[in-house]
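In: sequence first, then the predicted structure:
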Amino acid sequence: MVKLAEVILVPCPPMGHVAQMVELAKLLIHRNHQLSITILIMKLPDYIDVVSGSFVDTVAASSTSNRLRFVYLPDADPTPEWSSKARVHFFYRLLQSQESHIRDFLVNQRGPMAGFIVDMLCAHPLIDLAEELGIPSYVFFTSPATFLGLMLHFQVLEDECHVDVPEFIRNSDRLLSFPCFVNPLPPTVLSTNFVDRDMWLISGFLEFARGYRKAKGIIINTFDELEMHALDACNNLSKSGRVPLIYPVGPIMNQSKSSRPEVEAEITGWLDHQPPCSVVLLCFGSQGSLPVEQVKEIALALEKSGCRFLWSLRRPPEDSNTQFPREYTSYSEILPEGFLKRTEKKGKIVGWVPQLKVLSHEAIGGFVSHCGWNSILESIWFGVPIATWPLHSEQQGNAFQLVKEIGNAVEITLDYCERRRSRGDQPIITAQAIEKGIRELMKTNTQVRDKAKEMKQKSRASVMEGGSSYLSFEKLIHKLLQNVNQIICQGFVGKEDVLN
Ligand code: UDP
């Protein structure tokens with residue numbers, strides 16, 4: 001009898017993370033019939049975010065495979081302290097509160113365990129937990145290899161060279177070189193996760209990076225042809241034994257069916273009536289919203305550019321530290337007077353947009369994006385060039401990478417930062433700068449558009465049989481199955497559990 005080898009997955013709750021993990025799970029069971037997957041779900045309370053929770057419920061309810069199951073961890077009981085810092089701090093506290101439940105779940109597993117795969121933001125304390133229980137652990141890195149390279153670099157600076165990383169970056173006034181980037185970086189594009197002392201030291205980023213080194217492997221949602229230089233830098237560390245093996249397996253994208261098919265039908269219906277390559281999409285991710293003052297500048301820019309547009313516009317939450325954006329009940333209050341009427345033939349404003357579906361539509365000619373990694377991979381997959389407008393997390397570095405290294409994007413801004421803006425030391429982006437970016441983005445026959453097309457072909461080739469990510473995934477599965485045999489040899493499970 002063939003026994004299944006169990007793989008346990010722990011995603012971080014926001015939409016961009018959990019959707020990637022679900023796709024990773026689907027891919028694992030699709031590529032190997034001996035693997036059975038359990039995804040442990042930590043739900044965010046509704047007052048923080050409803051989108052990611054309803055996404056998981058829909059996916060879990062529609063899952064038809066008996067080798068993929070979703071286990072909901074108990075509801076958390078957040079204290080006000082969880083919401084006192086940046087959003088990532090809330091996730092960190094949430095995970096800490098769930099550690100004992102995850103431990104119980106792992107301890108009570110009966111079958112052979114092939115691996116424990118944890119989201120990049122769950123590496124601490126879960127990698128240590130796995131080590132203690134003798135379970136082979138892997139990190140699922142949902143950001144680019146450039147960001148992985150930076151995290152590992154700064155962890156060495158802190159731990160081995162005793163550099164105060166936030167202080168070092170804040171005091172840097174010239175370009176900085178890193179092995180994972182071809183070009184030197186302005187310190188302003190470095191993530192607040194390194195610059196903000198709380199995020200680096202208290203909410204886990206330094207600890208996450210320490211955890212990565214202890215894992216058995218780092219599975220990363222990217223592909224060789226996209227991030228050759230950064231992956232080489234990480235692989236060099238791996239060869240010297242300083243970090244585990246890196247498995248680039250991307251692009252992995254959220255293919256789940258929309259939970260709101262009527263909204264999807266309305267939007268695609270509108271796009272069907274637009275000429276090919278004529279519409280610019282504006283969307284700032286699951287956590288992105290802009291203040292009214294900035295929204296007005298975008299509206300002015302769109303109107304002046306004369307370009308057709310589809311704009312995902314959502315309301316900033318009351319507590320911008322932790323809560324996610326919500327839908328507006330009326331757009332007219334925040335937009336310039338008469339804007340909706342004047343642009344009704346050219347544009348459409350919506351709330352949550354079915355982004356992957358929209359990007360696949362031939363009417364879309366460009367994407368003003370916050371440069372979240374999922375959004376980048378999705379636009380690459382469909383060959384849509386980007387205009388960069390990062391907001392938080394590692395997005396400033398991603399924007400720099402797209403414009404200065406990959407070449408499939410034009411710049412609106414590279415170093416906008418929501419946190420700096422909320423402290424009042426970040427100027428708003430003017431309508432002129434936005435209009436210039438949109439005009440540049442929507443030009444035909446540009447090098448940027450050619451590059452976007454080239455990367456589209458490369459991304460598709462990488463996941464086809466024999467492609468770089470396909471082969472890397474094969475290595476990962478081989479390793480997971482080997483883990484089971486090793487556990488058997490070490491006597492952790494009985495002979496009756498032997499595979500095949
Ligand atoms: N997304 C979407 N509609 C929206 C906003 C986001 O479908 O209105 C999806 C998007 O396609 C992507 C994910 O949510 O898959 C956002 O992930 P990303 O890494 O780009 O940004 P994050 O939300 O993590 O900042």
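Out: That came in fine, so what should we check first?

In: report the buried residues of the helix or strand of the chain with the lowest mean pLDDT.
Out: In the chain, no helix or strand scores lower on mean pLDDT, DSSP states H and E than helix 418-422, which sits at a mean of 73. Neighbour-count burial for helix 418-422 flags 418-421 (criterion: 16 or more other Cβ atoms under 10 Å). For glycine as for every other residue, the C-beta is placed from the backbone atoms N, C-alpha and C.

In: what are the buried residues along stretch 267-282?
Out: For stretch 267-282, by 16+ other Cβ under 10 Å, it's 267, 270-271, 274, 278-282.

In: make JSON lines out of these and add secondary structure.
Out: Shown next, in JSON lines, are these (DSSP: H, G, I helix; E, B strand; the rest coil):
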{"residue": "267", "secondary structure": "helix"}
{"residue": "270", "secondary structure": "helix"}
{"residue": "271", "secondary structure": "helix"}
{"residue": "274", "secondary structure": "coil"}
{"residue": "278", "secondary structure": "coil"}
{"residue": "279", "secondary structure": "strand"}
{"residue": "280", "secondary structure": "strand"}
{"residue": "281", "secondary structure": "strand"}
{"residue": "282", "secondary structure": "strand"}
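
In: let's have these in a markdown table, adding distance to the ligand and pLDDT.
Out: Listed next are the buried residues of stretch 267-282 as a markdown table, based on distance: Cβ to the nearest ligand atom, whole Å; pLDDT from 0 to 100:
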| residue | distance to the ligand | pLDDT |
| --- | --- | --- |
| 267 | 11 | 97 |
| 270 | 15 | 98 |
| 271 | 15 | 98 |
| 274 | 19 | 98 |
| 278 | 21 | 98 |
| 279 | 15 | 98 |
| 280 | 15 | 98 |
| 281 | 10 | 98 |
| 282 | 10 | 98 |
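
In: picking up where we left off before, turn the buried residues of helix 418-422 into TSV, including distance to residue 121.
Out: Compiled in TSV, the buried residues of helix 418-422 are given as follows (distance: Cβ to Cβ, whole Å):
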residue	distance to residue 121
418	18
419	17
420	22
421	23
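
In: quick check, nearest of these to residue 312?
Out: residue 418 (16.3 Å; Cβ to Cβ).

In: and that closest one, how far from the ligand?
Out: To the ligand, residue 418 is 11 Å away according to Cβ to the nearest ligand atom, to the nearest Å.

In: which parts of the stretch 301-450 of the chain sit against the ligand?
Out: For the stretch 301-450 of the chain, the residues in contact with the ligand (Cβ under 6 Å from any ligand atom) are 312, 352-356, 372-375, 378.

In: between those residues, which is closest to the ligand?
Out: residue 372 (2.3 Å; Cβ to the nearest ligand atom).

In: surely the closest one is in contact with residue 392?
Out: No. If you go by Cβ atoms under 8 Å, residue 372 and residue 392 don't touch, sitting 9.2 Å apart.

In: intersection of neighbour lists for the two?
Out: Common contact partners of residue 372 and residue 392 (Cβ atoms under 8 Å, 6 or more residues apart in numbering): residue 288.

In: where are the low-confidence patches of the stretch 1-150 of the chain?
Out: Scanning the stretch 1-150 of the chain for pLDDT under 70 picks out 1-2.

In: nearest to the ligand: which residue in it?
Out: At 2.7 Å from the ligand, residue 16 is the closest residue in the stretch 1-150 of the chain, using Cβ to the nearest ligand atom.

In: what comes up buried for whichever helix or strand that residue is part of?
Out: Per DSSP states H and E: residue 16 is located in helix 15-31. By 16+ other Cβ under 10 Å, the buried positions in helix 15-31 come out as 15-29.

In: for residue 285, grab the count of nearby residues.
Out: A total of 26 residues lie near residue 285 under the criterion other Cβ atoms under 10 Å.

In: follow-up on the earlier one: so what does the helix holding residue 16 touch, helix or strand wise?
Out: strand 5-10, strand 35-41, helix 51-62, strand 68-72, strand 113-119, strand 137-141, helix 373-381, helix 468-489 (3 or more Cβ pairs under 8 Å, 6 or more residues apart in numbering; DSSP states H and E).

In: mean neighbour count added to the ones you listed, as TSV?
Out: Shown next, in TSV, are the helices and strands packed on helix 15-31 (neighbours: other Cβ atoms under 10 Å):
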stretch	mean neighbour count
strand 5-10	24
strand 35-41	22
helix 51-62	17
strand 68-72	15
strand 113-119	28
strand 137-141	27
helix 373-381	25
helix 468-489	18
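
In: export these to a markdown table and tack on distance to residue 78?
Out: Formatted as a markdown table, those follow (distance: least, Cβ to Cβ, whole Å):
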| stretch | distance to residue 78 |
| --- | --- |
| strand 5-10 | 19 |
| strand 35-41 | 16 |
| helix 51-62 | 14 |
| strand 68-72 | 17 |
| strand 113-119 | 19 |
| strand 137-141 | 25 |
| helix 373-381 | 26 |
| helix 468-489 | 34 |
